[in-house]
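1. Generate a structure from the sequence data that follows.
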Amino acid sequence: MARHSRLEVLRAMKDIGIIPVFSNSDYEVARNIADACMAGGARCIEFTNRGDRVIDVFRRLAEYRDSDCPEMIMGVGTICDAPTAAMYISAGADFVVSPFLDEPTARLCNKRKIPYSPGCATVTEIHNAYELGVEICKIFPAAEVGGPSFVKAVKGPCPWVDIMPTGGVLPDKDSLAEWFDAGIACAGMGSKLIRKDLVEKGDWQAIARKVREAVDAVSQLRSR
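-> Alright, predicted model coming up:
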C-alpha cells in the first residue's frame, strides 16, 4: 500500500515543483536513479510502467523506500487501465499518472485516496478529470498541446486548475520560468533530466546535480 497520504503527496508535488520521470528494468540502476533524485531534492519520483515485468522492479523500489528511504514518494506512470493501477497500488504506489484520462482508473484511485494525474489535451478533458476527483491534472504531450500559452489560456477562465506538464519542459531556468510563470503547479521531466548518457555511465552524482539545479531554479522563480 501507499506509504504517504494523498494530501502529503499532493503538497510535496506542488512544494518541490519537479517530478523526475524514469524507468529501468535493472533494479540496481533504478535504485541509484531514485537515490540521485532524492539527493537532488526531488523526493517525488515517477517510475514509468514500460517494459515486461517492470512491476517487479517497482515492488523492490517500494520495499527499499519503506526500509531505507521513507521520505521518498513513489509514483507510477504510463498507467492505462484500472487493473494495472490496482497492481501498482498494491505494490506501494503513492500516486498514479496516465497518458490519458481513464474513468475507471480515476474512480479506483479516488476510492483508494491515491492522487491520480491523467494526461489531458483539452479544457473539456481537464474539466472531466476534475469532476472525477483529480487534483493535479497532467497535460500531455505538453509542448504539442500548446506549451505555456495553453496553460495561461486554461487558467484564465479556470484559475483553480492545477496543471503538471510532461513533455516539452527543459531543466533550465528559461524553460522553467516560462512554464511556472504561466501558472503550472509542478512539472514532470524525463529524459531531459534523467539523461540516458549519464545513466549508461552510472554518473549518479551528475544526475543528482541536474536534479538539484532544476529544483533550486523552481525555488528561485517562486521567490521573485
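
2. Show me which residues of the longest helix along the chain are buried.
-> Counting by DSSP state H, the longest helix found in the chain is helix 204-222. Within helix 204-222, the residues that count as buried by 16 or more other CB atoms under 10 Å are 204, 207-208, 210-215, 217-218. For glycine as for every other residue, the C-beta is placed from the backbone atoms N, C-alpha and C.

3. quick one: which of the residues you listed is nearest M72?
-> Closest approach between the buried residues of helix 204-222 and M72, by CB to CB: V211, at 13.1 Å.

4. what's the spacing between the closest one and A143?
-> From V211 across to A143, the span is 21 Å (CB to CB, to the nearest Å).

5. I184 contacts G168, correct?
-> No: if you go by CB atoms under 8 Å, I184 and G168 don't touch, sitting 11.4 Å apart.

6. Looking only at neighbour counts, state which of those two leads.
-> I184 (25 against 20; other CB atoms under 10 Å).

7. Quick check: which element contains whatever residue is furthest in space from the centre of the chain?
-> Largest separation from the mean C-alpha position in the chain: P157, at 25.2 Å (CA atoms, centre = their mean). Assigned by DSSP states H and E, P157 falls within no helix or strand.

8. Can we start the residue count at 31 from this point?
-> All set: I'll call the first residue 31, so the last point we hit is now P187.

9. need the contact list for the closest residue to D65 other than its chain neighbours.
-> The spatial neighbour of D65 that comes closest, neighbours along the chain excluded (CB to CB, 6 or more residues apart in numbering), is W234 at 6.8 Å. Contacts for W234 (CB atoms under 8 Å, 6 or more residues apart in numbering) come out as 62-63, 65-66, 69.

10. Apply 10 Å and report the result again.
-> By CB atoms under 10 Å, 6 or more residues apart in numbering, W234 lies in contact with 59, 61-67, 69-70, 228.

11. ok, so of these, who is nearest R90?
-> R61 (7.8 Å).

12. would you list every one of the strands in this protein?
-> 48-52, 74-78, 103-107, 125-128, 146-150, 166-169, 192-195, 217-219 (DSSP state E).

13. ok, L91 to A244 distance?
-> 21 Å.

14. For the chain, which element, helix or strand, carries the lowest mean pLDDT?
-> One helix or strand of the chain scores below all others by mean pLDDT, DSSP states H and E: helix 172-175, with a mean of 92.

15. So which residues make contact with that one?
-> By CB under 10 Å, 6+ apart, helix 172-175 touches 149-152, 169, 178, 180-181, 184, 193-200, 209, 214, 217-218.

16. quick one on the thing from earlier: how distant is the longest helix of the chain from the center of its chain?
-> 15 Å (CA atoms, centre = their mean, to the nearest Å).

17. now the angle from that helix to strand 48-52?
-> 150 degrees (axes from the mean of the first three to the mean of the last three CA atoms, to 10 degrees).

18. how about low-confidence regions in this structure?
-> Counting by pLDDT under 70, the chain shows no low-confidence range.

19. Now L251. Nearest residue, chain neighbours left out?
-> F210 (5.0 Å).

20. That neighbour: how many residues sit nearby?
-> 21.

21. Having no further points to raise, I will conclude here.
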